[in-house]
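> Give the three-dimensional model of this entry:
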Amino acid sequence: MAAHPPRTSTDSTTSGTKLLIALQWALAAIGIFGLTGAAALLMASTPSAWPL
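Numbers count the residues shown, from 1 in each chain. The predicted model follows:
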């Protein structure tokens, strides 16, 4: 069983993977803030339905 050589930081797949992970986190953050904003807009536009 041979060991794999360690990856270097200049590997092109590493930067591509980091970019995809950053894009995934950005889309998740946009989705969370978007849903929160939509809920706040819904609650603000229909105050009688949300007695807070």
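
> what stretches of the protein score poorly on pLDDT?
For the chain, the stretches flagged by pLDDT under 70 are 1-2, 7-13, 52.

> switch the cut-off to 90
Within the chain, the ranges that satisfy pLDDT under 90 run 1-16, 43, 47-52.

> those helices in the chain, which residues are they?
Applying DSSP state H to the chain gives helices spanning 12-45.

> Can you tell me how far residue 19 is from residue 32?
To residue 32, residue 19 is 21 Å away according to C-beta to C-beta, to the nearest Å. Yep, even glycine has a C-beta here, placed from its N, CA and C like the rest.

> roughly how far apart are residue 25 and residue 38?
Taking C-beta to C-beta, one finds residue 25 at 20 Å from residue 38.

> hmm, I was thinking of residue 51
In terms of C-beta to C-beta, residue 51 sits 20 Å off from residue 38.

> which one of these two has more residues nearby?
Comparing residue 51 with residue 38 by other C-beta atoms under 10 Å, the one with more neighbours is residue 38, at 10 against 5.

> Now do the contacts for the more buried one.
Residue 38 sits next to no residue when contact means C-beta atoms under 8 Å, 6 or more residues apart in numbering.

> again, but for residue 19
Counting by C-beta under 8 Å, 6+ apart, residue 19 has no contacts.

> Right, I'll leave it there.
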